[in-house]
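Novice: this one's sequence-less:
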Ligand SMILES: Nc1ncnc2c1ncn2[C@@H]1O[C@H](COP(=O)(O)OP(=O)(O)OP(=O)(O)O)[C@@H](O)[C@H]1O
Ligand SMILES: [Mg+2]
């Protein structure tokens, strides 16, 4: 069955409340679709400015947030309907690592206790030697060892070490997919590349799939195989990262790449601003393309109707410019 090797995000829409009572709703995600072939190891970048819905999408994939419309299928199973042993199996298959490693660990709890808990309770391993072996093996993969970690508390590690430890912990369940939400943004620049190289190793040596969320388009290019660009809850462009960077098809992707990658800083200001502003909510409420308000090509249809996903030379893009609408 084709579904057996796929993670399929099918037209997912998530509503959140706004206003004083939160009774009015906006679409934090609007009909987001994405397919991930589980047989092909890769680092899939999810990029977009703050509030574009990246974390919401990861939470939906983890199963902790449920979409109002659409579904997520993992090997054919609707992950929001899993129960009992299948739910436990899925929790092992998809593991998150977070932006701030210090928030992932209780400061009063020894770090190694998390490892013993995961191996015994989630993986169900009872043999003491095997428990120690599994923990040491996962820590060695990230350049540490059980000896170095044993008996210590979170504050006894640097941010970089603690992020390695949280990756090692995620590896204990031998997941297929790692969801990495801005895993290096809190770290010093000198430590970032070490963590990014671990993500590459996970792909190359353990054949994992990593969904790497970032604002930072330079590190994205360093590690990424493909990229999905989000804007105000919509996925505007998705494709191989080299193609998208060389020739962005969506006006938002162009603006984003130009403002970040322009080598001459004096020229950067000439490009449209992509920083969040008070316009954010107004843009979320546009019925059509959320970028219409800022787009130099916007025509009437852009304001009223969200374009479909259009395949342009192997890149998926949601922009009317690429259909015959004489914009
Ligand atoms: N539980 C919630 N209740 C109401 N609104 C929410 C909730 N969670 C997120 N939002 C809103 O949904 C939108 C998307 O948020 P999300 O956290 O997914 O963005 P993001 O792309 O991860 O941003 P960042 O880059 O800042 O982490 C934002 O406008 C946010 O304020
Ligand atoms: Mg986020």
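Specialist: Now that the structure is in, tell me what you want to look at. All of these numbers come straight from a predicted model, not from anything done at the bench. Ligands and ions are numbered 1, 2, ... in the order given.

Novice: looking at it, residue 57 is touching residue 46, isn't it?
Specialist: Yes. The criterion here is CB atoms under 8 Å, and residue 57 meets it with residue 46 at 6.9 Å. (Each C-beta comes from the backbone N, C-alpha and C, glycine too.)

Novice: okay, those two: which has more neighbours?
Specialist: Neighbours per residue (other CB atoms under 10 Å) separate residue 57 from residue 46, with residue 57 holding more: 29 against 26.

Novice: Name the residues contacting each of residue 57 and residue 46.
Specialist: Shared contacts of residue 57 and residue 46 (CB atoms under 8 Å, 6 or more residues apart in numbering): residue 230.

Novice: Show me which positions of stretch 290-306 end up buried.
Specialist: 290-292, 294-295, 298, 302, 306 (16 or more other CB atoms under 10 Å).

Novice: Pull out the buried positions in whichever strand or helix holds residue 238.
Specialist: Per DSSP states H and E, residue 238 falls inside strand 234-240. The neighbour-count check on strand 234-240 (16+ other CB under 10 Å) flags 234-239 as buried.

Novice: what sits up against whatever helix or strand comes next after that strand?
Specialist: Once the chain leaves strand 234-240, the next helix or strand it forms, by DSSP H and E, is helix 241-246. Helix 241-246 has contacts (CB under 8 Å, 6+ apart) with 45, 220-221, 224-227, 229, 237, 253, 257, 261, 313-315.

Novice: Mind checking which of those land in helices?
Specialist: Among the contacts of helix 241-246, the members falling in helices (DSSP state H) are 220-221, 253, 257, 261.

Novice: Pick out whichever of these sits closest to residue 89.
Specialist: Residue 89 has its nearest neighbour among the ones in helices among the contacts of helix 241-246 in residue 220, at 30.8 Å by CB to CB.

Novice: got the contact list for that closest one?
Specialist: Per CB under 8 Å, 6+ apart, neighbours of residue 220: 45, 47, 212, 214, 227, 241.
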